[in-house]
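1. I'd like to go over a predicted model; first the sequence, then the structure.
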Amino acid sequence: MKSRDEIATSLAACGYIADGELATAVALMQMLKRPLLLEGEAGVGKTEVAKALACVHGAELIRLQCYEGLDQSAALYEWNYQRQLLAIEAHRGHADSIEDRIFSEKYLLERPLLAAIRRDKSPVLLIDEIDRADDEFEAFLLELLSDFQVSIPELGTIRATTIPHVVLTSNGTRELSDALRRRCLYHYVDYPDVDREARIILAKVDGADASLALQIARMVEGIRKEELRKMPGVAETLDWAAALVGLDVRDLHDAPDVVHETLMCLLKTHEDRARVKPEVTARLLGRVA
Amino acid sequence: MSARATTPAFDAFDDVSLRMSTKLAGFLRTLRDNGFAVGLSEGQDAAALMAAGYAARPPLLRSAFKHLFSARKSDWDKFDGLFDAFWLGKRVRARSSVTGSARAANTPSLKGLQDAQSERAGSPIATDQVPSSDDAPQGGGSEGRMEGASRAENLTEVDFRKLADPDALEQAHAAAARLARAMRTRLTRRDLLRRRGKRLDLRRTIHRNISHGGVPITLVTRRRKDKPLRLVILLDASGSMSMYTAVFLRFIHGVLDEFREAEAFLFHTRLAYVSDAMKEKDAARALDRLSIMAQGAGGGTRIGESLKTFNRWHAARAIHSRTCVMIVSDGYETGDAALLGREMAALAKRCRRIAWLNPMMAWDGYAPEAKGIKAALPFVDLYAPANTLKSLTALEPYLARL
């Protein structure tokens, strides 16, 4: 088990520029064996946390994307019916022996949740956008996360060989149950501050130098303060930085037109695009040192 | 796991740990007072954390506890303040003077503990001030809600504009919010019951029929989940509606809070998208933000133009096949009535139902004479007054049938 400081170092080594508190959260996850619930606006890098965590632990990342109507057969396990039928046809007349055989491991299809508890080494299980799943699924998940065992009627109970590191993310489209919230550690992922965002740009965009990264980060911060429908996330910032680097912009002040035109990387609705007029861009640029 | 591994050490200086856990228990109580959902297992984990050396470094302990005890953004935001007030309030200096070693910090001097004791005794008073300001509206609110429920009965038939005194207004507001909430629950329940299978689910059918050797005897159909009903509310915030705007704003706030699928717009001379502003949990703050938006530029109501903006820019996203558009307006169009007619026609093609709520309708001697309302009425599925809580409630069965 790694200490908090080691975790902070290895998060950085994995290319994830964490804010101060995330390392604590990761250390607690290990220590208390609780899942980590990440909330925050879309595009602040919640999913990235799970990826970085997998990198820190050198573990496999198993991802379950939630959606409305997600059920057990898509999340946990399912029998391979087609193969079972084939086996039945092939062994017609040996009814006694076939039953045991078709309900064996060989005919079981692992889905993410089952896969996550049957690995040799603890994987990172990312349950993405849990708020999109139904209430019933949430309750089921809660049971799995506290017992780490699954009972399959035809096969018996499968106990976890390893406890996965569980990360849940939520965009807040639906209120989660108190029980689930209590079970989890909670971390609110905010938009990064200028300094951190600049470091993220430096780490992720090839060819960006420190002064440009800082300018971009300041500009994005200014844009986030405008009254917008959709605030640009970190991914958008990175797109924009890559676009500027690709267009060979070294200093934002050199090319105000290019800056304004490439804002399409950040502003993704017509309304926002119309609101940020060239004058607004110029005003924001003026504040970027 | 180290939580387990440290237990012996934890026992070793149990005297200290006992005192620490007394203090911890006090902190847990403070958190519960402040609306944190803290259970027994959180308390145990917190004790394990303190024993594992986190107690020696207050900033680290704060961060660790913050992750452990918070369950939502609001908890997250207020945690640091609570922690500092409880753990660091008076004892910051004492703590830093004994940071010679981790053990030393874990073993506060007797005086330190006395301080801690007195602080523990004192702290609920000190920290109570936080909950009392925080809780009072909540606790009082829940009481008031009960009262409101009984008194609201009397209010159900009073026209909103005749509600003069602030108390009555407040109750009407609360009742409107509650009504919106109630509508939501009932609507979704009916939703579930009405599911019906139409398409064949081949995979499930094979599964179900394995016992017949794979001959599909019992068929399994797939239940297409109904899209939840979506409400889009367009509220007229012009001067002529000012007597009703506040109540409807509150109603909208309740609806947005409870309906997963709802969008709200305000219009007067132009259209403003207000769902985001309305999603603020605290009703008073949401209404503050809105009252700024609700101030129109210049006078008059341009319903037609506002609808045009809506149809052009928002309808595609806001409207799906199970959408009811609810327009709350008196229909006094100061712009072009013909334009209003055209836009209403366009809107009617898009959504399932248009309900037009006109609070003036219930006024004595009111007839839909205004140009605007005349142009719009042919496209309206439900034209109803919504000037009292009772008439607002009457909408619910209508919505449930959609």
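-> Alright, I've got the coordinates.

2. next structured bit after whichever helix or strand B:L339 is part of?
-> B:L339 belongs to helix B:337-350 when assigned by DSSP states H and E. Next along the chain after helix B:337-350, taking DSSP H and E as the criterion, comes strand B:353-357.

3. any residues touching that next one, and which ones?
-> B:324-329, B:331, B:344, B:347-348, B:373, B:376-377, B:379-386, B:395, B:398-399, B:402 (C-beta atoms under 8 Å, 6 or more residues apart in numbering or on different chains). All C-beta atoms are positioned from the backbone trio N, CA, C, and that covers glycine.

4. Give me the subset of the residues you listed that lies in strands.
-> Using DSSP state E, the members of those that fall in strands are B:C324, B:V325, B:M326, B:I327, B:V328, B:L382, B:Y383, B:A384.

5. So which residues on chain B come close to chain A?
-> When proximity is defined as C-beta under 8 Å from any C-beta of the partner chain, chain B approaches chain A at B:1-3, B:37-39, B:42, B:45, B:48-49, B:52, B:60, B:63-64, B:66-68, B:70-73, B:75-77, B:203, B:206-207, B:210, B:213-214, B:225, B:260, B:273, B:276, B:313.

6. Out of these, list just those in strands.
-> B:Y273.

7. which residue ranges form the helices in the stretch 101-250 of chain A?
-> A:112-117, A:135-147, A:178-183, A:194-204, A:210-225, A:234-246 (DSSP state H, counting those that start in this stretch).

8. Chain B: which of these is closest?
-> Ranking those by proximity to chain B (C-beta to the nearest C-beta) places helix A:178-183 first, at 3.7 Å.

9. ok, and for the closest one, which residues are buried?
-> A:L180, A:R181, A:R182, A:R183 (16 or more other C-beta atoms under 10 Å in any protein chain shown).

10. quick one: the residue nearest to the third one when sequence neighbours are not counted from A:R183, how far?
-> Excluding its sequence neighbours, the residue lying closest to A:R182 (C-beta to C-beta, 6 or more residues apart in numbering or on different chains) is B:A37, at 5.2 Å. As defined by C-beta to C-beta, to the nearest Å, B:A37 lies at a distance of 11 Å from A:R183.

11. Could you do B:S306 as well?
-> From B:S306 to A:R183 the distance is 46 Å (C-beta to C-beta).

12. Likewise for B:V232?
-> Taking C-beta to C-beta, one finds B:V232 at 36 Å from A:R183.

13. just B:E261 next, same as before
-> Using C-beta to C-beta, B:E261 is found at 28 Å from A:R183.

14. I figured B:T309 hits B:L271, correct?
-> Yes: counting by C-beta atoms under 8 Å, B:T309 touches B:L271, with 4.4 Å between them.

15. Can you name the residue of the stretch 1-150 of chain B nearest chain A?
-> B:A71 (3.7 Å).

16. And the pLDDT at that residue?
-> Looking at B:A71, its pLDDT is 85.

17. doesn't A:R181 make contact with it?
-> Yes: using C-beta under 8 Å, B:A71 makes contact with A:R181 at a distance of 3.7 Å.

18. Can you work out which residues contact both of these two?
-> With C-beta under 8 Å, 6+ apart, B:A71 and A:R181 have common neighbours B:A37.

19. Tell me the residues of the stretch 101-250 of chain A that contact chain B?
-> Residues of the stretch 101-250 of chain A lying near chain B by C-beta under 8 Å from any C-beta: A:I102, A:T173, A:R174, A:D178, A:R181, A:R182, A:C184, A:L185, A:Y186, A:H187, A:Y188, A:R229.

20. wait, what's in contact with the first one?
-> Think A:I102. A:R83, A:Q84, A:A87, A:I88, B:I210.

21. Buried subset of these as a PyMOL selection?
-> Entered in PyMOL, the line below selects the buried ones among the contacts of A:I102, by 16+ other C-beta under 10 Å:
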select buried, (chain A and resi 84+88) or (chain B and resi 210)
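
22. Which members of the contacts of A:I102 occur in helices, if any?
-> Among the contacts of A:I102, the subset assigned to helices under DSSP state H consists of A:R83, A:Q84, A:A87, A:I88.

23. Please identify which two of those are farthest apart in space.
-> A:R83 and A:I88 (9.7 Å; C-beta to C-beta).

24. Could you check how far the residue of chain A most remote from its centre is from chain B?
-> Among residues of chain A, the one most distant from the C-alpha centroid is A:G93; the distance is 50.3 Å, by C-alpha atoms, centre = their mean. Going from A:G93 to chain B by C-beta to the nearest C-beta, to the nearest Å gives 11 Å.

25. okay, now the domains of chain A?
-> Using automatic domain parsing, the domain parsing of chain A gives A:4-74+A:111-188, A:77-109, A:194-283.

26. what ranges of the stretch 101-250 of chain B fall below the confidence cut-off?
-> Along the stretch 101-250 of chain B, the parts satisfying pLDDT under 70 run over B:101-158, B:160-165, B:168-169, B:181-199, B:214, B:222-228.

27. Contacts for stretch A:240-252, please.
-> Against stretch A:240-252 from outside (C-beta under 8 Å, 6+ apart): A:201, A:205-209, A:211-213, A:215-216, A:219-220, A:232, A:255, A:258-259, A:262-263, A:265-266, A:285, A:288.

28. So how do I select the buried members of these in PyMOL?
-> Remark: buried members of the contacts of stretch A:240-252, expressed as a PyMOL selection using 16+ other C-beta under 10 Å:
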select buried, chain A and resi 201+205+208+212+213+215+216+219+220+232+255+259+262+263+265+266+285+288
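
29. could you say which helix or strand contains A:G286?
-> With DSSP H and E as the test, A:G286 turns up in helix A:278-287.

30. ok, residue 245 - how many residues close by?
-> Going with chain A. A:V245 has 19 neighbours, counted by other C-beta atoms under 10 Å in any protein chain shown.

31. ah, no, chain B please
-> 22.

32. and if you look at A:S146?
-> Neighbour tally, A:S146, other C-beta under 10 Å: 12.

33. How about the one 4 residues further on?
-> Applying other C-beta under 10 Å, we find 20 other residues in the vicinity of A:V150.

34. mind checking pLDDT for it?
-> At A:V150, pLDDT is 86.

35. what residues are up against residue 21?
-> No chain specified, so I'll use chain A. Here A:E21 is in contact with A:H187, B:S63, B:K66, B:H67 (C-beta under 8 Å, 6+ apart).

36. sorry, should have said chain B
-> B:S21 neighbours (C-beta under 8 Å, 6+ apart): B:A47.

37. just A:D71 next, same as before
-> A:F137.

38. Repeat that for A:E78.
-> Here A:E78 is in contact with A:L108, A:L109, A:R111 (C-beta under 8 Å, 6+ apart).

39. Likewise for B:G372?
-> B:T301, B:I303, B:G304, B:G331, B:Y332, B:E333, B:A337, B:L340.

40. any idea how far A:K121 is from B:V215?
-> 44 Å.

41. the more surrounded of these two?
-> Neighbours per residue, other C-beta under 10 Å: of A:K121 and B:V215, the larger number sits with A:K121, 11 against 8.

42. Now that A:L22 has come up, it's in contact with A:A50, right?
-> No: using C-beta under 8 Å, A:L22 is not in contact with A:A50; the gap is 11.6 Å.

43. Adding mean pLDDT, write the helices of the stretch 101-250 of chain A out as JSON lines.
-> JSON lines is the format used below for those (pLDDT from 0 to 100):
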{"stretch": "helix A:112-117", "mean pLDDT": "92"}
{"stretch": "helix A:135-147", "mean pLDDT": "86"}
{"stretch": "helix A:178-183", "mean pLDDT": "86"}
{"stretch": "helix A:194-204", "mean pLDDT": "91"}
{"stretch": "helix A:210-225", "mean pLDDT": "92"}
{"stretch": "helix A:234-246", "mean pLDDT": "93"}
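
44. can you tell which of those is closest to A:R275?
-> Between the helices of the stretch 101-250 of chain A, helix A:210-225 lies closest to A:R275; by C-beta to C-beta that is 10.4 Å.

45. how about the most centrally placed residue in chain A, what does it touch?
-> Centroid-nearest residue in chain A: A:T47, 1.6 Å away (criterion: C-alpha atoms, centre = their mean). A:T47 makes contact with A:L126, A:D128, A:T169, according to C-beta under 8 Å, 6+ apart.

46. Since that was my last question, I'll sign off now.
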